[in-house]
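1. quick one, structure for this:
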Amino acid sequence: MIRPFAPSQSPRLPLWFRIGGLLALVILFVVGLLAFLNYANFRKTVQGLHEARYLVLGKDLRQSVEAGLSLGLTPAQNARLPLLFNELKDSWPAIRYAGVIDTEARALLGTGPVDSSHQGSWRERIATGPADGIWHWRAEHESAVGLTLADNFGGKAGAVLIVYDDREVLLVAGRMAEQLFWRALAVILVAALLAWWGAWRLTRSLAAELDAAEAVLAGSSLPPDTRPLVRETQLFMDAAAQAEAKMAESAP
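-> Numbers count the residues shown, from 1 in each chain. Next comes the predicted model:
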């Protein structure tokens, strides 16, 4: 005896919901990836602008320091330098220290406190770089740009150092991240709703046809249906029933 198909008893999500959910997951991944890349690129750009700003200021200071060195004046003997460093710190509140350090990273002249725990890193950068090198240093909540000084004999005479608070970069990047989050969330919600609506529009007739075909396989008696899948299922079940009846008649 041919038994009707027994459909699963566990609840199933509608076809349109499953298709729309898959599309929504793809949209979530794509929008999330784009938002992350935009944030990373924005933060890198802001950080680069800050570094470029302090690098330009440092180049002006190095020119003044090296002009004195070429005349035989040490930074402490150059009466113009203290005024320049004070004006720089007053003009840029984020600067924590601006001054000249020697090859051992000891402060020779400048304004603002110097954190001695970082001197080893600065000394290493002076020692390993060229005599007129430019180097960057970064720690928690602060960054620095250093410009190595060359003496009249091509050796190293220390460096011009500008240490600045980089939390401004984090604040700007944080505000950008918040804006990107809300915009991405709005895009994801709208796109997901459109995906579900589109899946429902495209699959509602197919889902109804599949449900009817499943009901026929389960043994339900439905009136003749012109939909191809349902009609073929009804013909199959009729043929199976006729074959079963013939087999029963021919059985001894």
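
2. please, which helix or strand holds the residue nearest in space to the middle of the chain?
-> The residue lying closest to the centre of the chain (CA atoms, centre = their mean) is Phe36, at 2.4 Å. Phe36 belongs to helix 15-70 when elements are defined using DSSP states H and E.

3. downstream of that helix, the next helix or strand is which one?
-> Proceeding N to C from helix 15-70, the next assigned helix or strand is helix 81-91, under DSSP H and E.

4. hmm, who's touching that following helix?
-> Among residues not part of helix 81-91, those counted as contacts by CB atoms under 8 Å, 6 or more residues apart in numbering are 57, 61, 64-65, 68, 75, 95, 98-100, 109-112, 162. Where you see a C-beta, it was placed from the backbone N, CA and C, and this is true even at glycine.

5. now that helix against helix 15-70, angle please.
-> With axes from the mean of the first three to the mean of the last three CA atoms, to 10 degrees defining the directions, helix 81-91 sits at 160 degrees from helix 15-70.

6. how about helix 81-91: buried residues?
-> For helix 81-91, the buried set under the neighbour-count rule, 16 or more other CB atoms under 10 Å, comprises Leu81, Leu84, Phe85, Leu88, Lys89.

7. try stretch 111-129
-> Residues of stretch 111-129 classed as buried by neighbour count (16+ other CB under 10 Å): Thr111, Gly112, Val114, His118, Ser121, Trp122, Arg123, Arg125, Ile126, Gly129.

8. residues contacting the nearest residue to the fifth one once chain neighbours are set aside?
-> Leaving out its chain neighbours, the residue that sits closest to Ser121 by CB to CB, 6 or more residues apart in numbering is Trp137, at 5.9 Å. The neighbourhood of Trp137, defined by CB under 8 Å, 6+ apart, consists of His118, Ser121, Trp122, Arg125, Ser143, Ala144, Val145, Gly146.
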